[in-house]
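quick one: sequence plus predicted model below, questions after.
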Amino acid sequence: MIAPNRYVQGPRVLEDAGQYIGHLGSKVFFVADPLAWSIVKDQISKGFAARSIAYGYEPFEGLCTRAGADKISVKARAFGPDVVAGLGGGSAIDTAKAVSHDLGCSLVIIPTVASNDAPCSALSVQYKENHMLDRFLRLKRNPDVVLVDSKVISEAPARFFVAGMGDALATWFEAFTCTKSSAKNMPGGVSTSAALSLARLCYDTLMEYGVSAKLAVDRKALTPAVEKVIEANILLSGLGFESSGLSSAHGIHEGFAAMEETKSMMHGELVAYGTLSLLVLENYPRTEIGRVFGFCEAVGLPTTLGQLGITDVSPEHLRKAAEVACMEGLTTHNTYFEINPDLILGAILGANALGEERLKGPQRP
Ligand SMILES: [Zn+2]
């Protein structure tokens, strides 16, 4: 089981960023989403000034690619930091991870949205320019500090928060699949009971607090339920997936991510639909499937292919996505039975059939 060294979450923790980061050194190089940086810069600067911490800043937007990370590494090296800090959403964070790996310095992650479970892990997911998966870069160690300002996150657009719940929704089901198949987790071992319990707690937290947290974030309110779901999206999902393993929900997500129509969808939204497909693929009981569909409908996660932007739902059109999901090296193969594009295609179409039928009215399957 692996985890970040420290995880700090609470309202306005960024004002004390110097206190939480200071033990790592006095020069911090930020790789940051420019919009997020403009929102939190003043808070961080104040805390840094109080502790004489100097910082550099490089804006980052777009896809996390090897070339993009290499370019920023050159600038970071010129600054000579003790710490590289990734600030913003998944791409800025993954790029900062690659830069810190390159420089061999400490790593701090400051997510300003709770849209995915990347912050806590020792993985940087890198893509090719065509949005196809390039590689999983494995860092030597997990982040030294993950700093989560729940006030900042609760004031970000609700879609990010909901997408994070979509990513977190997969954690328990994928972890459980890996336990059944004895698949390897991210560091190459098998899951501990501790990691599996965290994955389950992630799911239970979403079911208990997800809907009320979403309603609160819609109104930019920070409530205890929002704090619980931020922890589920970032900490529980992060530890759960990394130390227990991923399976078909993320594999199917890669199939969708390779389609032109889904370019405007977020990682967690595609993973949520991947989770519905996993439930169909593994033939979960009707009550469990109904519960997960009901949750997705209540918080606004996609439950039909149409909601992913896919209008041609013919098997011929979707076969490519099913084939991508079965590519060698993808976590779809962590399923406890042999998978192939026919099975994945069936699961994708089966989930869509349930999703469409449920939208028609009260007689929900
Ligand atoms: Zn994910």
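Yes, it's here. Residues are numbered from 1 along each chain as shown.

spell out the residue ranges of the helices in the stretch 1-150 of the chain.
17-21, 34-50, 66-79, 90-103, 150-154 (DSSP state H, counting those that start in this stretch).

repeat for the stretch 201-350 of the chain
Using DSSP H, counting those that start in this stretch, the helices of the stretch 201-350 of the chain run over 224-231, 237-244, 248-257, 267-281, 286-299, 315-325, 341-359.

in TSV, list the ones you listed along with mean neighbour count and distance to Ala194.
For every residue, glycine as well, the C-beta is placed using N, CA and C. Listed next are the helices of the stretch 201-350 of the chain as TSV, based on neighbours: other Cβ atoms under 10 Å; distance: least, Cβ to Cβ, whole Å:
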stretch	mean neighbour count	distance to Ala194
helix 224-231	21	16
helix 237-244	29	8
helix 248-257	27	22
helix 267-281	27	23
helix 286-299	16	24
helix 315-325	18	30
helix 341-359	19	30
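
chain center to stretch 196-207: distance?
Offset of stretch 196-207 from its chain centre (Cα atoms, centre = their mean, to the nearest Å): 15 Å.

now do the buried residues in it.
Neighbour counts over stretch 196-207 (16 or more other Cβ atoms under 10 Å) mark Leu196, Leu198, Ala199, Arg200, Leu201, Cys202, Tyr203, Thr205, Leu206 as buried.

contacts for it, please.
By Cβ atoms under 8 Å, 6 or more residues apart in numbering, the residues outside stretch 196-207 that reach it are 165, 168-169, 171-173, 175-176, 179, 228-229, 231-232, 236-237, 239-241, 243-244, 291, 295.

ok, now stretch 186-194?
Against stretch 186-194 from outside (Cβ under 8 Å, 6+ apart): 1-2, 121-123, 136, 138, 175, 178-179, 182-185, 241-246.

find the residue at the geometric middle of the protein.
Asn116 (2.3 Å; Cα atoms, centre = their mean).

got a list of what Asp33 touches?
By Cβ under 8 Å, 6+ apart, the contact set of Asp33 is Pro59, Phe60, Glu61, Leu87, Gly88, Gly89, Ser91, Ala92, Thr112.

tilt between the worst-scoring helix or strand of the chain on mean pLDDT and helix 248-257?
Least confident helix or strand, the chain: strand 133-138 with a mean of 89, by mean pLDDT, DSSP states H and E. Strand 133-138 and helix 248-257 meet at an angle of 140 degrees, taking axes from the mean of the first three to the mean of the last three Cα atoms, to 10 degrees as the criterion.

start the count at 773 instead of 1 going forward.
Sounds good: first residue 773 from here, last item strand 905-910.

can you list the strands that strand 905-910 pairs with?
Paired neighbours of strand 905-910 in the sheet (DSSP bridges): strand 895-899 (antiparallel).

buried sites along the strand it pairs with?
Across strand 895-899, burial judged by 16+ other Cβ under 10 Å covers Leu895, Ser896, Val897, Gln898, Tyr899.

for the stretch 873-1022 of the chain, which segments are assigned as strands?
Remark: strands assigned in the stretch 873-1022 of the chain by DSSP state E, counting those that start in this stretch are 878-883, 895-899, 905-910, 917-921.

and those strands, which one is worst for confidence?
Among those, strand 905-910 carries the lowest mean pLDDT, a mean of 89.

now Val812. Nearest residue, chain neighbours left out?
Leu786 (5.4 Å; Cβ to Cβ, 6 or more residues apart in numbering).

ok, now Ala942?
Nearest residue to Ala942, sequence neighbours excluded (Cβ to Cβ, 6+ apart): Ala1021, at 3.8 Å.

tell me where the model's unsure across this structure.
Along the chain, segments meeting pLDDT under 70 span 1134-1137.

and if we set it to 50?
Counting by pLDDT under 50, the chain contains no low-confidence range.

show me which positions of stretch 822-838 end up buried.
For stretch 822-838, a neighbour-count test (16+ other Cβ under 10 Å) marks Ile825, Tyr827, Gly828, Tyr829, Glu830, Pro831, Phe832, Cys836, Thr837, Arg838 as buried.
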